[in-house]
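*Asks:* prediction below, plus the sequence it came from.
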Amino acid sequence: MDERTGEVHEAGVYYTVVGRKLRPGDAAPDFTLQTLDGDGALQPVCLADSAGTVRLLNVINSVDTPVCHIETQHWDRLRLDLPPGVTVYTVSMDLPYAMSRWQVAEGVHHQMLSAHMDEQFGRDYGVLVREWRLLQRSVFVIGRDDRVAYVEYVDDQMLEPDYDAAVAAVRRALQV
């Protein structure tokens, strides 16, 4: 398994990321992540569940950190201005119960997906921070053809992603 050192950092400390970086044109790895349904039961969510839409994956360390909190709220507001045919997910290693509580408390309406069961999503998308067992802040846009249309791996975990570039990529992917 590929490991990258010297890329991801926070407050001057560098960490190891497990997995190969994805690039535009790559096939998006399938995933099965967890969410809570309306009754509070765990529900699996796969990439194929949103087939035919453009997917934006907002990948964060944890909803309980300030930057991730701001970022996830920002994506929830931005999704309202996106054209139909776009599915927005936030993905983290947080437990689905914690994500659901945060989502309700913050009034966030897009789907929150938990990778807590295993590290496969983190490895496949090249975002597993080994020392933290959390995910590297990143954004993926996956086209209707299940190919990566855009990716941003954020090196400094105290910074937000480039929202404008990701939204532009979503709009381009909708035109294909």
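*Replies:* That came through, no problem.
*Asks:* other residues contacting stretch 153-169?
*Replies:* Here stretch 153-169 makes contact (CB atoms under 8 Å, 6 or more residues apart in numbering) with 7-11, 21, 56, 58, 61, 67, 70-71, 74-75, 78, 82, 126-127, 136-139, 141, 149-150, 152. Yep, even glycine has a C-beta here, placed from its N, CA and C like the rest.
*Asks:* pLDDT averaged over that stretch - what is it?
*Replies:* Mean pLDDT, stretch 153-169: 98.
*Asks:* how far does it sit from the chain's center?
*Replies:* Chain-centre distance of stretch 153-169: 11 Å, with CA atoms, centre = their mean, to the nearest Å.
*Asks:* stretch 31-42 now?
*Replies:* Distance of stretch 31-42 from its chain centroid, counting by CA atoms, centre = their mean, is 16 Å.
*Asks:* can you give me the end-to-end span of stretch 105-115?
*Replies:* 21 Å (CA to CA, to the nearest Å).
*Asks:* so, low pLDDT: which residues of this protein?
*Replies:* Where the chain drops to pLDDT under 70, the residues are 1.
*Asks:* make it 90
*Replies:* For the chain, residues meeting the criterion pLDDT under 90 lie at 1, 37-40, 176.
*Asks:* hang on, the earlier thing: list the ones among the contacts of stretch 153-169 that fall in strands.
*Replies:* Judged by DSSP state E, the contacts of stretch 153-169 include Glu7, Val8, His9, Glu10, Leu56, Asn58, Ser138, Val139, Val141, Ala149, Tyr150, Glu152 as members of strands.
*Asks:* quick check: the farthest pair among these?
*Replies:* Among the ones in strands among the contacts of stretch 153-169, the pair separated by the greatest distance (CB to CB) is Glu10 and Ala149, at 27.9 Å.
*Asks:* neighbour-wise, which of those two wins?
*Replies:* Between Glu10 and Ala149, counted using other CB atoms under 10 Å, the more crowded position is Ala149 (24 against 18).
*Asks:* show me what contacts the residue nearest to the spatial centre of the chain?
*Replies:* By CA atoms, centre = their mean, the mean C-alpha position of the chain lies nearest to Val59, the distance being 2.4 Å. By CB under 8 Å, 6+ apart, Val59 lies in contact with Thr90, Val91, Ser92, Tyr125, Val127, Leu135, Gln136, Arg137, Ser138, Val139, Phe140.
*Asks:* may I see the ones in strands among the contacts of stretch 153-169 organised as JSON lines, with distance to Gln111 added?
*Replies:* Shown next, in JSON lines, are the ones in strands among the contacts of stretch 153-169 (distance: CB to CB, whole Å):
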{"residue": "Glu7", "distance to Gln111": "28"}
{"residue": "Val8", "distance to Gln111": "25"}
{"residue": "His9", "distance to Gln111": "29"}
{"residue": "Glu10", "distance to Gln111": "27"}
{"residue": "Leu56", "distance to Gln111": "11"}
{"residue": "Asn58", "distance to Gln111": "11"}
{"residue": "Ser138", "distance to Gln111": "17"}
{"residue": "Val139", "distance to Gln111": "16"}
{"residue": "Val141", "distance to Gln111": "16"}
{"residue": "Ala149", "distance to Gln111": "19"}
{"residue": "Tyr150", "distance to Gln111": "19"}
{"residue": "Glu152", "distance to Gln111": "20"}
